[in-house]
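**Q** sequence first, then the predicted structure, then my questions.
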Amino acid sequence: MGQEPERPVRNEVVVENEIEDEDDSDGEEEEEEEEEGDEDDDDEDEDDDEAMPWNDEDEEEIKVFKFPQSAELLPNFPVFRVKYAGFPEFKIKGRLRSSEYFLCSECHDGVELKPRPIIRELRKEHTNINLEHIKQEHGTEKFWCTICHDTSRPDYLVGLKKQSIHFDQSFLLCGQCHSQNQKDWLFGAHGKRTENWNGERTILLCTECHSPHTPALEPAPPNPPPPARQGQILVKSVHPEGPRKTWDKFIYSKQH
Amino acid sequence: MSEKNNPVKTVEAPENSDVSRRELFKKTAIAGTIAAAGAASTTIAASNAEPGGFSDALDEFFQKHYQEMSKKEMKKTLARLERKAKVKHGKQIQISNTPPIEGVLFGYALNISKCKGYRKCVDACVEENNQNRDTKIQYIRVLELENESMNFEEADHYYNHETVPHTGKKYFPIQCQQCENPPCVTACPVEATWKEADGITVIDYNWCIGCRYCAAACPYWARKFNWSEPSIPEEEINPETHYLSNRPRMRGVMEKCTFCLQRTRKGKLPACLEACPTGARVFGNILDPKSEIRYVLENKKVFRLKEELKTEPKFWYYSD
Amino acid sequence: MEFIRFCVDGVKEIFRGGKLYWSWMGLLTVVALIGASAYLQQFQQGLVVTGMSDQVSWGIYIASFTSLVGIAAAAIMLIIPAYIFHDMDIKEIVIPAEGLAIAACVMSMMFVLIDLGRPDRMWHLLPFIGRFNFPKSMLAWDVLVLNVYLFLTVIISVYLLFSKYKGKEPKFSIYFPLVILSIISALSIHTVTAFLFSSNVARSFWHTGLLAPRFIASAFSAGPAFFLLTVLVMRYTKVFPVKDIAIKRLTMIITIALEINLFLLLAEVFTEFYHQTEHSASAAYLFFGLGGKTALVPWIWSSVFLNISALVIFVLPLKKNTIFLTLACLFLVVGVWIEKGMGLVVPGFIPTPLGEVYEYSPTFIEAQISMGVWAIGLMLYTILAKISIAVNLERIRLD
């Protein structure tokens, strides 16, 4: 946590939404992407060729957008695809909890400590990580750290097609499965806009609200209930005797 | 930023001889009215101890309707109100009168499948809008409903579980729906409440006579009354205020949610949205086809409360 | 000149009276003063001293206002037979009835005034000087028609009394148009007050077309009943020898209006309860309680009991007995006061539009203020009735 200053400032990632030249650029960008994928494949141990529902090759509706050249995030910036066009431009409010965040490469530098791409129970490190996300839906066999974390480039996430994804672009990773949520997020029906309703659009990244390992929001205590106005006492209304649930009412009326 | 994008136009009352003659007539008529004079003397007597002394009390008594004040009168009024707030609450506040932004109609959408009933919006609203802490005015009510029911009569307003969301329940926050056809505005006998150009129903707290007919007329229970003289701890006062919204109120007048127009007219988001930990709230300009709120309205299964009353609320509910 | 003498004589009459009169006035003054001091407290602290809340934002003040509007308009039930059909028996009691109308009108206005959060801003209601939301706001209409009715009633009673004072017959061409206008405005104060409630789509309990006819029917029974009560008191105390035939006429009017009122109430109750929808929650609360809360249940059932007992007495020959008649009038006045007031205004707010059942009961201060207003109204009525009786009996006249 103390070594923060060495890290480049990556608070804002601008995602350009290129929809005007969709037809022209489609083929071109696809090539680029494939190249990128090939490069990354070398270091991967896992095999992802099996048919997964998200490995959908039917990409007619796909619109292409990319990161601007100036972004200092990745040396070879990848091209990503989302299936939706026309969402308003946005800026991401990057990892606000940067103090909790230190680079994976500080330990997993490829020399001293290599990430081990073996499915196993973690005993010493990362024991605080509760992989609810996987356990609930898929079981632990197929899903493991390396589905999302890049073993070859520990400071990046990795997509299903082996694209490197920066932590501040996690919506690209999540959206591979949660495409409806990704769409809603891009258009503003999911997630949260900050600072203004007008002008430059800054939105919070998925991981601001959802812990990637345990994405469901935790139950929390509510703020206190509304008080009665000064000088009055609140008498809570007693609900009439009998069943509360609608179906209970129906069952009740059948019995009587 | 918003002001740059959308040129702000100040609405001015025309100043000509006709107006001043009418004013003169008004003043004489008022002075001649025994009832008014009697009432004036009581106000002045009651406000003798108040800041600014006699002349401020007199000015306050004869203060014109917000929509009738000239630019000069408005400036004077705002200065007087700031002065009064300083003495009453011990804090220097700014009262602005930012007009509506042209081409903007505010709309709000709330995702009920996201709302978890934390009530963070309720308290953020109270802090932002300088509500009376004595009578505990709150603009937002979060109802807890059975998952399968939409019957408000079976809703729990006072749920207090250890943690929310509670199993089998859904949560339904209700605040002013900013009707396009507001029954409260029609009801008011003195035009103290009206709908602004950006679709927000506002109240001139210095014109309201406190008859509470609007409270009876509102189908969403959005209007709250100052039963006692408002008191707010000095450190809790939000000094950024607007004349029509969160400036300190006085006893005996109505108040209501204004979608935080002191913030939203400057491009900022409402306090309830900022406080929402689940991102259930979407706010924006419904006239802008590229806005997020328009996306929600066009692509989600939205509904409005009590639509059968034809109040045309600009507050939508939707679920994933 | 003559008019000044009339006024002077009238004022003199106020200060003439026996022990009973002075103790009655003294009692009213004490109650009025208690009310005034309670009001001062409310004025200083705000309406927080009342039992009202954001949930139930109108209470006993508006309830009293609503039922008093009924009494105010009742005078026309005497004016119509007297001045349209020239019924001589009624004519002699018309002017005290006009006095009651004036007093009730003033009382209802006072009830609105004390209900305001900012009474110091009353001038905002003045047309041209303030901003009068006319014709949109029903409350603006109500202010208008109440003032017009009060003005017309004052003009008519002063004119009729003054004519009698001078010993002349009132001129038909002067009083007839005024009487017609007064009848129209009497009907409209009712209708508009009913519309004040029924125009609220937010409150399904009030949102019924039957409200205006119910208001008129209940007013035409409770108003004359209240007046009959005072007439009986006047006869008992021998200040005014009212003829039996006049009382008979009044009884008939009350009986018919009461029957119509109860029929309309029955129709309303049937519609609310046959299929109990969400919209009948207020009625359910009123008659049976809701969510374990039953504050209004004793009120409404006593009202039902009082109304029905009054009806029984009025339709049976029992009414010929003065004691029973007095009792029936008393029952009716209280019964309708509850039905129109606490039984109509308050349940409209319960449950709230968001389904919350939050109860209301008046505080002691509210009760004191209301009693104070009643005392002032009764004082005004006593004075007006006294003057009109004195003129009628030719105790004061121009000679």
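**A** Here it is on my side, so go on. Numbers count the residues shown, from 1 in each chain, chains lettered A, B, ... in the order given.

**Q** who touches C:A32 in this structure?
**A** C:372, C:375-376, C:379 (C-beta atoms under 8 Å, 6 or more residues apart in numbering or on different chains). The C-beta positions use only the backbone N, C-alpha and C, and glycine is treated the same way.

**Q** quick one: it is in a helix?
**A** Yes: judged by DSSP: H, G, I helix; E, B strand; the rest coil, C:A32 forms part of a helix.

**Q** list the contacts for residue 115?
**A** Let's take chain A. Contacts of A:P115 (C-beta under 8 Å, 6+ apart): A:108, A:145-146, A:149, A:151, A:154.

**Q** chain B is the one I meant
**A** Contact analysis of B:C115 by C-beta under 8 Å, 6+ apart lists B:142, B:170-173, B:278, B:280.

**Q** dump those residues into CSV; add distance to B:K88, neighbour count and pLDDT as well.
**A** Listed next are the contacts of B:C115 as CSV, based on distance: C-beta to C-beta, whole Å; neighbours: other C-beta atoms under 10 Å in any protein chain shown; pLDDT from 0 to 100:
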residue, distance to B:K88, neighbour count, pLDDT
B:V142, 31, 27, 96
B:K170, 42, 21, 92
B:Y171, 37, 24, 95
B:F172, 36, 20, 94
B:P173, 31, 21, 96
B:T278, 37, 18, 93
B:A280, 36, 25, 95
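
**Q** of those residues, closest to C:G35?
**A** Each of the contacts of B:C115 was checked against C:G35 using C-beta to C-beta; the closest is B:V142, at 41.0 Å.

**Q** was I right to think the closest one contacts B:D123?
**A** No: B:V142 lies out of contact with B:D123 (C-beta atoms under 8 Å); the separation is 11.0 Å.

**Q** count of neighbours near the closest residue to A:P215 other than its chain neighbours?
**A** Nearest residue to A:P215, sequence neighbours excluded (C-beta to C-beta, 6 or more residues apart in numbering or on different chains): A:H133, at 5.3 Å. Residues lying near A:H133 (other C-beta atoms under 10 Å in any protein chain shown) number 17.

**Q** now do the helices in the chain.
**A** As the question left the chain open, I've gone with chain A. A:22-41, A:132-137, A:145-148, A:170-174, A:179-187, A:206-209, A:246-255 (DSSP state H).

**Q** wrong one, I was asking about chain C
**A** Assigned by DSSP H, chain C shows helices spanning C:2-14, C:19-45, C:60-73, C:76-79, C:88-115, C:138-166, C:172-198, C:211-236, C:244-274, C:281-288, C:297-315, C:322-340, C:364-392.

**Q** elements contacting the fourth one?
**A** It stands for helix C:76-79. Packing partners of helix C:76-79 (3 or more C-beta pairs under 8 Å, 6 or more residues apart in numbering or on different chains; DSSP states H and E): helix C:88-115, helix C:172-198, helix C:211-236, helix C:244-274.

**Q** and if you look at the fifth one?
**A** The contact analysis (3+ C-beta pairs under 8 Å, 6+ apart) places helix C:88-115 against helix C:60-73, helix C:76-79, helix C:138-166, helix C:211-236, helix C:244-274, helix C:364-392.

**Q** re earlier: worst average pLDDT in the helices of chain A?
**A** Of all those, mean pLDDT reaches its minimum on helix A:22-41 (a mean of 37).

**Q** leaving out chain neighbours, which residue sits closest to whatever residue of chain A ends up closest to chain B?
**A** Going by C-beta to the nearest C-beta, chain B is nearest to A:G188 of chain A, at 2.6 Å. For A:G188, ignoring the flanking residues on the chain, the nearest one in space by C-beta to C-beta, 6+ apart is B:E292 at 2.6 Å.

**Q** what about that neighbour, neighbour count?
**A** Neighbours of B:E292 using other C-beta under 10 Å come to 26.

**Q** contacts only, for it.
**A** Each residue near B:E292 by C-beta under 8 Å, 6+ apart is listed here: A:88, A:187-189, A:193, B:282, B:284.

**Q** quick check, nearest of those residues to chain C?
**A** Closest to chain C out of the contacts of B:E292 is B:V282 (22.2 Å), distances taken as C-beta to the nearest C-beta.

**Q** run through who's touching the strand or helix carrying that closest one.
**A** According to DSSP states H and E, B:V282 maps onto strand B:281-285. Strand B:281-285 is contacted from outside by A:188-189, A:193, A:197-198, B:103-111, B:121, B:259, B:264, B:269-270, B:272-273, B:291-294, B:296, using C-beta under 8 Å, 6+ apart.

**Q** remind me which residues of the stretch 101-250 of chain B are low pLDDT?
**A** Across the stretch 101-250 of chain B, nothing is flagged by pLDDT under 70.

**Q** from chain B, how far out is C:G130?
**A** 6 Å (C-beta to the nearest C-beta, to the nearest Å).

**Q** how about the closest residue in space to that residue that isn't next to it in sequence, what does it touch?
**A** Closest residue to C:G130 apart from its sequence neighbours, by C-beta to C-beta, 6+ apart: C:H124 at 3.7 Å. By C-beta under 8 Å, 6+ apart, the contact list for C:H124 reads B:190, B:192, B:207, B:209, C:130-131.

**Q** C:F324 contacts C:I313, correct?
**A** Yes: using C-beta under 8 Å, C:F324 makes contact with C:I313 at a distance of 5.3 Å.
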